[in-house]
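# Next comes the sequence, and after it the predicted model I'd like to discuss.
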Protein chains: 4
Amino acid sequence: MIIVLKPQTTQEQADSILSILEKEGFRHNYIKGASQTVIGIIGDTTKLDEDSFRTYEFIEDIKRVSEPYKLANRKMHPENSVYNIAGREVGEGTFNVIAGPCSIETEEQVIEIAKAVKKSGASFLRGGAFKPRTSPYAFQGLHGEGLRLLSIAKKETGLPIVTEIMSQQDLPLFEDVDVIQVGARNMQNFELLKELGKIDKPILLKRGLASTLQEWIMSAEYIMAGGNSKVIFCERGIRTYETFTRNTLDLSAIPALKRLSHLPVIVDPSHATGLPWMVEPLSKAAVAVGADGLMIEVHNNPKKALCDGAQSLTPEQFDNVMKKVATQVKFENKKLWQPQ
Amino acid sequence: MIIVLKPQTTQEQADSILSILEKEGFRHNYIKGASQTVIGIIGDTTKLDEDSFRTYEFIEDIKRVSEPYKLANRKMHPENSVYNIAGREVGEGTFNVIAGPCSIETEEQVIEIAKAVKKSGASFLRGGAFKPRTSPYAFQGLHGEGLRLLSIAKKETGLPIVTEIMSQQDLPLFEDVDVIQVGARNMQNFELLKELGKIDKPILLKRGLASTLQEWIMSAEYIMAGGNSKVIFCERGIRTYETFTRNTLDLSAIPALKRLSHLPVIVDPSHATGLPWMVEPLSKAAVAVGADGLMIEVHNNPKKALCDGAQSLTPEQFDNVMKKVATQVKFENKKLWQPQ
Amino acid sequence: MIIVLKPQTTQEQADSILSILEKEGFRHNYIKGASQTVIGIIGDTTKLDEDSFRTYEFIEDIKRVSEPYKLANRKMHPENSVYNIAGREVGEGTFNVIAGPCSIETEEQVIEIAKAVKKSGASFLRGGAFKPRTSPYAFQGLHGEGLRLLSIAKKETGLPIVTEIMSQQDLPLFEDVDVIQVGARNMQNFELLKELGKIDKPILLKRGLASTLQEWIMSAEYIMAGGNSKVIFCERGIRTYETFTRNTLDLSAIPALKRLSHLPVIVDPSHATGLPWMVEPLSKAAVAVGADGLMIEVHNNPKKALCDGAQSLTPEQFDNVMKKVATQVKFENKKLWQPQ
Amino acid sequence: MIIVLKPQTTQEQADSILSILEKEGFRHNYIKGASQTVIGIIGDTTKLDEDSFRTYEFIEDIKRVSEPYKLANRKMHPENSVYNIAGREVGEGTFNVIAGPCSIETEEQVIEIAKAVKKSGASFLRGGAFKPRTSPYAFQGLHGEGLRLLSIAKKETGLPIVTEIMSQQDLPLFEDVDVIQVGARNMQNFELLKELGKIDKPILLKRGLASTLQEWIMSAEYIMAGGNSKVIFCERGIRTYETFTRNTLDLSAIPALKRLSHLPVIVDPSHATGLPWMVEPLSKAAVAVGADGLMIEVHNNPKKALCDGAQSLTPEQFDNVMKKVATQVKFENKKLWQPQ
């Protein structure tokens, strides 16, 4: 961390900062320039609150040199993290596709879709039981009953399940869930993140609507700081001024996260665009850019879907996308996970 | 709601939509133009899911004519909502200033600040006990102990208290709290909003980091749909590409909300800018634009503040701002609430 | 400027940077920390290209300490700039309102509006002869003929005129124009800015659609570097994700510019919002926040306006807004400029 | 176009709109609903100014049904546009890579780079002679001399050249240029676009810093409306709140433009990210998502580059990227253009 002093700073004022740093156990370098004096702080400044220094009127600026996250930092963990989830390898070299309906509606619906997506090559089943809806009048999901139906589909097909949690109070219901999803709107629900740090299940952490990469990694750090190191990032588009797509898919986030962090990263083209005809080209781009997987919405009857039907693929459309994805994954020398 | 059909739509396809509408009990108008055919749906379409129609490949577009919110809608409630909170009128004609530290640290701190802001004209005391921090390593607040200290300050000064909730599980601790704040990061924590809809306390609902006005009003609608009609909006800046200020304060949101809704609106210039020297000019602008109040961070020792010290005013600075605010409020023919 | 080296940097690599700096005539400080080594550059780094250093793979980051602009910088010119334009003082203490139609249509139209806005207290007449329109099929302005009509209105009313230039080739036509406006879309039309730096007329520089404060000041610097120091900033809203208003008016830009620069700043609430009913509250807020003036669209027949009629006030509406603005300006101890 | 009337609208008011429409030659449909009355306008509304209707206080909203662009619209031209530029096919099925330095510096530099990029498979040479720089103190390009050096490189290598124009006054200097580039900052420099509409050279139209897809297509329409139909879009990232990359590359723009328009689209990963290590993954993603080409910055000595060196690849790095791009293009059943 670097502290820049204003030109008129007196020696006494500068000394007051130096003595604080010494008391806190930091070494420092003091550089007096022609127009600018700068203090460099040496040591682990991760927990040092830079804002407390900003209150000195003679301090012009404070600049951080190192990232505020550690456990999620690639510098601390140079190898890619790879998890074994219900027999699937997630991370390096293996490509997993999570597919299923936006929300669980009936036993028939979820089983029919689960069988279809498995056949097309999906390795995980997704489905919402707790649905974050902008309107209180919209369908909110089947809750516990939805989780029960997901479990039935899991038994029927062998597909591990991924589903969203909206409140830590519901955690006891998630026992049979293989990967717990934190949605965009809860990416900074820190109380929820803390609870998820205490359990031993992989967490799929979606990017917040307008979150920076650093905030996103810090939310992963919340979970990891609690002891749960199995976090998977999911890019799902960010909010920009452009309204043609629902959100703007930020594919540059994938190489960025791969450089800054060691955690796996997947892409959700369905929520990113809200446009089913965009799923294929953006899925291919996600493979090419280095993602470890995809999450795609599939519904056996999009017209009648209780939620987000408009962005869902039919099983037939999904099968076509998967054919493209499969050859692309192979071209990238990765392996699409498939049941033996 | 209006459904636009693609040019090649057959009569049979169009009829299939008309018959669905009829089954659902809607009247409709069918307008066949030279290049465009349009179906107008007549009736209360609030709960109609437009997405279910988007799946028909012959439908080009669907356009909503009326707002998806009702209880918060000024059309449903033409008069401004005014609440009596601990003897203070909030809303029309009265101007309230909420002030206090970002986070509660010690009994001495909160009492000293409470006395100071009361003397300068604040009508509510704020202070955080549960702090949403980007980093898991940053100070997270005193939790229950913080709420206890706030209560002591309330007894000492008579100022009603405003403090943030981060999880519905903590609700039992908020009994002595006068106004419960929902922070920007929880604006779409729908499970929390639903719980707050069941209680009988005013809710201060901050705007999400990148929320549209409509999403914000929909979050108020969540609380109101549960039975709690006392919602107060708080504009605190939105996320944009500009980085000079922490966020971009959107003062046009105040006249917009006043037109769309009947709920009171206040402004938080401290979080919006992160710059204490901006609090005065933006507070004055907030009064001029029609806000019903302000929320300002004040700390007796910003340099030592455990959180957001950099954006806090000292009690002396706050006193100066309040002198300007008071004359401005009077100029606007409003009344700054003050103890008798 | 500060250069941060990566942990593994060798002494030889660091020396290569130091020797470049020495050759370019910079003094430097070299600070070797436990985990980070930093080089501080002392001297005027305004013209030093930081990007050339970014190419060294052993350099982790480069941080600028001082602003890249000089002539527009308040540090170089602590007093507010005040201009005398056709007898009006623009800047400190005096408040000027520029009003008129979006585009010049006929002699009758512009004279009728000019007389009306003068009567209500406007001190400048605006009107577009060259119109930047998103569509090539929309009305593009009367060009030279429009400027001729503006001159007639100026003679009739004595109001100095403000009008937009879109290409340096048209400059000869602007002889009788008192203030030349650069629109948002041309804020970084650097060839145009350079030409405007060579003339001796005040330039009204609108903020680009998505320009940072620094980019905006740098565009003023372009004009000033050419020798023309009379630049006036005009905040007209920035592009954000919010679509309720056409743009998001950034009123925090006014105190920011006042701190960073010495140039006058005015506000255009008409283009910022696109909503005539928002002009009054945002005009009042602009006065309160410290702006030096306003630019407001007025049309005698908004329904028939050839451009942007929807956001124009009628002369009666403008008169009402001016009554509010006038008392507000007086309340702020400023003087609304008015003909003697 | 659809006009929505407010509930209280009288028959007389509605009739006034209908009679205007009739005078202008439009057929219409008048639908009186329970709570909403709607007028549908039938006919070519491209040139109808919707804003003129917004001024009626009894009109609630106006909704456009069809796009405001025609010549660039795929509906008007279902086949992909393909151009032959100096023997290269640009568009459908052929993939072209434009490479070269940000700015032309010396004859040796540009020839060395031109030979290198040609060898690696580039089919066009780029290089800036007129440079749009944020700072007036930064290197502005060699202007005419730069164009002369580009011509020499063209003669030496046979590579057609692509270079940016910043003002229509410089057009006579561009005679030997094969593709004229309009930069992001000039995307809405309408006077320049109009001039480019009068010539017979392909125009590479970069997306504005914060332009919507529709505004971008409208700028192409400006050029095409003048008679020059050879426009190529270039996605180069948009401005968002995220600061890790210089801009946010919007790859969903490629399938979107392919659907809305028939014009070729290429991608510039160098300017989009400002990070040379991101060029490879995003180039691959651009191929996968359906782009017709790439524009990549290459410099033989990035450390000494006079402009944007930090984002340039070395010829060796470019050669590596091209190997990946070539196999990816082949995988997509496209043909990388190559000299016979």
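Looks like it arrived, so ask away.
# could you point out where the stretch 101-250 of chain A is predicted with low confidence?
Scanning the stretch 101-250 of chain A for pLDDT under 70 picks out nothing.
# Name the SS class of the residue of it at minimum distance from chain B, please.
Nearest to chain B in the stretch 101-250 of chain A, going by CB to the nearest CB, is residue A:210, at a distance of 3.4 Å. Where you see a C-beta, it was placed from the backbone N, CA and C, and this is true even at glycine. Look at residue A:210: counting by DSSP: H, G, I helix; E, B strand; the rest coil, its state is coil.
# how much space between it and residue D:274?
21 Å (CB to CB, to the nearest Å).
# In terms of neighbours, single out the busier of these two.
residue A:210 (22 against 18; other CB atoms under 10 Å in any protein chain shown).
# Residue D:241 is in contact with the more buried one, correct?
Yes. Between residue A:210 and residue D:241 there is a contact under CB atoms under 8 Å: 5.9 Å.
# what sits in contact with each of those two?
Common neighbours of residue A:210 and residue D:241, using CB atoms under 8 Å, 6 or more residues apart in numbering or on different chains, are A:238, B:210, B:239.
# and those residues near chain C, which?
Intersecting those with the surroundings of chain C, defined as CB under 8 Å from any CB of the partner chain, gives residue B:210.
# which one among the shared contacts of residue A:210 and residue D:241 gets closest to chain D?
Using CB to the nearest CB, those come closest to chain D at residue B:239, 4.8 Å.
# so what pLDDT did residue A:339 get?
Model confidence at residue A:339, expressed as pLDDT, equals 64.
# ignore the last one, residue A:65
Predicted confidence (pLDDT) for residue A:65: 63.
# do residue A:78 as well
86.
# pLDDT of the lengthiest helix in chain A, averaged?
Taking DSSP state H as the criterion, chain A has its longest helix at helix A:315-331. Here helix A:315-331 scores 97 as its mean pLDDT.
# Paired strands for the helix or strand following that helix, with orientation please.
Counting by DSSP states H and E, the next helix or strand C-terminal to helix A:315-331 is strand A:335-336. The pairing partners recorded for strand A:335-336 under DSSP bridges are strand A:94-100 (parallel).
# which residues are in contact with the partner strand?
A:82, A:88, A:90, A:110, A:113-114, A:117, A:120-127, A:162, A:179, A:266, A:287, A:291-298, A:318, A:322, A:325, A:329, A:334-337.
# swap the cut-off to 7 Å and go again
With contact meaning CB atoms under 7 Å, 6 or more residues apart in numbering or on different chains, strand A:94-100 is reached by A:88, A:90, A:113-114, A:117, A:121-127, A:162, A:292-296, A:298, A:318, A:322, A:325, A:329, A:334-337.
# List the contacts of residue A:337.
Residues near residue A:337 by CB under 7 Å, 6+ apart: A:88, A:89, A:94, A:95, A:96, A:123.
# Just the buried ones from these?
Buried residues within the contacts of residue A:337, defined by neighbour count using 16 or more other CB atoms under 10 Å in any protein chain shown: A:88, A:89, A:94, A:95, A:96, A:123.
# Does residue A:208 touch residue A:184 like I think?
Yes. Residue A:208 is within contact range of residue A:184, at 5.4 Å (criterion: CB atoms under 7 Å).
# Spell out which residues of chain A are next to chain D.
Contacts of chain A with chain D, taken as CB under 7 Å from any CB of the partner chain, map to A:210, A:212-213, A:238, A:240-242, A:244-245, A:248-252, A:255-256, A:273, A:278, A:281-282, A:284-285, A:287-290, A:328, A:331.
# Any of those buried? List them.
Of the residues of chain A next to chain D, these count as buried by 16+ other CB under 10 Å: A:210, A:212-213, A:238, A:240-242, A:244-245, A:248-252, A:255-256, A:273, A:278, A:281-282, A:284-285, A:287-290, A:328, A:331.
# What parts of the stretch 201-340 of chain A come near chain B?
Checking the stretch 201-340 of chain A against chain B by CB under 7 Å from any CB, the hits are A:209-210, A:215, A:218, A:221-222, A:225, A:239, A:302-305, A:308-310.
# Among the residues you listed, name the buried ones.
Buried subset of these (neighbour count, 16+ other CB under 10 Å): A:209-210, A:215, A:218, A:221-222, A:225, A:239, A:302-303, A:305, A:308-310.
# among those, which two are most distant?
Using CB to CB, the pair of these lying farthest apart is A:225 and A:303, separated by 44.7 Å.
# Quick check: residue A:105 is in a strand.
No. Using three-state DSSP, the assignment for residue A:105 is coil, not a strand.
# What is the burial count for it?
By other CB under 10 Å, neighbour count at residue A:105 equals 24.
# swap in residue A:138?
Neighbour tally, residue A:138, other CB under 10 Å: 17.
# now residue A:11
9.
# My read is that residue A:137 contacts residue B:47, right?
Yes. If you go by CB under 7 Å, residue A:137 and residue B:47 touch, sitting 5.2 Å apart.
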